[in-house]
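Visitor: Need coordinates for the following:
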Amino acid sequence: MVPAVIFDVDGTLVDSVDLHAQAWHEAFLRFGYDIPVEKIRSQIGKGGDKLMPVFLPEKDLEEKGKEIEKFRGELFQREYMSRVRSFPKVRELFLKIRSEGQKVALASSAKKDEVTALKRIAQIEDLVSCETSADDIDSSKPDPDVFQAALQCLKCIKPDEAVTVGDTLYDAEAARKAGIRGVGLLCGGFPEEDLRAAGCIAIYRDPADLLANYDKSPLAPREISADEPKVA
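Guide: Residues are numbered from 1 along each chain as shown. Down below sits the predicted model:
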């Protein structure tokens, strides 16, 4: 049985990956680092604690990292948040999950204020049992901390009783390290082969596709036989 489903947010429920990449690009540029947007995009899904070390020398990270991350967060809220849109059928998917008696949690590498705004955009504020964000953990995806925190906030849910849904290999890696099965969505723009290699047990195009195939998906609140297809 699957009593709980844990969702990533950016790129999974809302169309924001490109916007985050652009915001990081502008933030890095503001501090003298001209990093191509496409390189940054490949790292979206990580928190700033994991993203910045990919591009900055350790000395620069120590001196400027907190200031860069603060600038990026304020920039995203000011210039980009209003441009974020929900993917189709997100609310309907959450309503389906809740109608089956399952709990829903959010587990994001974003800061709490961003998650709050994104819940509103996705119109799921009243459908989430609990949530965890970068503010609740020491280390972001692909480390398992945020999913482990989600299990704790769900209360009495074991790793093998939950399923995660995310759009990046970092979501899948974090889920695997936490002992949770991971489902991948392609709407964030990450390659299907990367999601499979990272451990996703099923792949869907987007929330609408997952909803359409829900009863045969790993999210369904019933045991799935070993010979039943798990990929839509």
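Visitor: can you give me the offset of the helix or strand hosting L151 from its chain's centre?
Guide: Element membership of L151 [criterion: DSSP states H and E] is helix 145-154. Counting by Cα atoms, centre = their mean, to the nearest Å, helix 145-154 is centred 13 Å from the centre of its parent chain.
Visitor: Can you tell me which helices and strands it packs against?
Guide: When contacts are defined as 3 or more Cβ pairs under 8 Å, 6 or more residues apart in numbering; DSSP states H and E, helix 145-154 packs onto strand 4-7, strand 103-107, strand 130-132, strand 162-166, helix 169-177. Quick note: C-beta positions are derived from backbone N, CA and C, even for glycine.
Visitor: Please give me every residue in contact with the nearest residue to S129 once chain neighbours are set aside.
Guide: When the adjacent residues along the chain are set aside, S129 lies closest to K103, with 4.2 Å between them (Cβ to Cβ, 6 or more residues apart in numbering). The neighbours of K103, taking Cβ atoms under 8 Å, 6 or more residues apart in numbering as the test, are P3, A4, V5, S129, C130, L154, I157.
Visitor: JSON lines please, covering the residues you listed and showing pLDDT and distance to A23.
Guide: Below are the contacts of K103 laid out as JSON lines (pLDDT from 0 to 100; distance: Cβ to Cβ, whole Å):
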{"residue": "P3", "pLDDT": "95", "distance to A23": "36"}
{"residue": "A4", "pLDDT": "96", "distance to A23": "31"}
{"residue": "V5", "pLDDT": "98", "distance to A23": "28"}
{"residue": "S129", "pLDDT": "95", "distance to A23": "29"}
{"residue": "C130", "pLDDT": "95", "distance to A23": "27"}
{"residue": "L154", "pLDDT": "94", "distance to A23": "31"}
{"residue": "I157", "pLDDT": "90", "distance to A23": "33"}
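Visitor: Pull out the buried residues from these.
Guide: P3, A4, V5, S129, C130, L154, I157 (16 or more other Cβ atoms under 10 Å).
Visitor: and the two most separated of these?
Guide: P3 and C130 (13.3 Å; Cβ to Cβ).
Visitor: What is the burial count for the closest residue in space to E173 that isn't next to it in sequence?
Guide: Spatial nearest neighbour of E173, excluding adjacent residues (Cβ to Cβ, 6+ apart): P142 at 3.8 Å. By other Cβ atoms under 10 Å, 20 other residues sit near P142.
Visitor: Tell me the secondary structure at P142.
Guide: Here P142 is recorded as coil under DSSP: H, G, I helix; E, B strand; the rest coil.
Visitor: Could I get the CA-only coordinates of stretch 199-219 as PDB?
Guide: Coordinates of each C-alpha in stretch 199-219 appear next as PDB, following Å, rounded to 0.1, in the frame of the first residue of the first chain:
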ATOM      1  CA  GLY A 199      16.600   5.100 -10.200                       C
ATOM      2  CA  CYS A 200      13.100   6.200 -11.200                       C
ATOM      3  CA  ILE A 201      10.800   3.200 -11.300                       C
ATOM      4  CA  ALA A 202       8.300   4.900 -13.700                       C
ATOM      5  CA  ILE A 203       8.300   7.900 -16.000                       C
ATOM      6  CA  TYR A 204       5.400  10.100 -17.000                       C
ATOM      7  CA  ARG A 205       5.200  13.200 -19.200                       C
ATOM      8  CA  ASP A 206       3.700  15.500 -16.600                       C
ATOM      9  CA  PRO A 207       1.100  15.700 -13.800                       C
ATOM     10  CA  ALA A 208      -1.700  15.300 -16.300                       C
ATOM     11  CA  ASP A 209      -0.200  12.100 -17.700                       C
ATOM     12  CA  LEU A 210       0.300  10.800 -14.200                       C
ATOM     13  CA  LEU A 211      -3.300  11.500 -13.300                       C
ATOM     14  CA  ALA A 212      -4.600   9.800 -16.500                       C
ATOM     15  CA  ASN A 213      -2.600   6.700 -15.600                       C
ATOM     16  CA  TYR A 214      -2.900   6.900 -11.800                       C
ATOM     17  CA  ASP A 215      -4.700   3.700 -11.200                       C
ATOM     18  CA  LYS A 216      -1.900   1.700 -12.800                       C
ATOM     19  CA  SER A 217       0.900   3.900 -11.500                       C
ATOM     20  CA  PRO A 218       3.200   3.200  -8.500                       C
ATOM     21  CA  LEU A 219       1.200   5.900  -6.600                       C
END
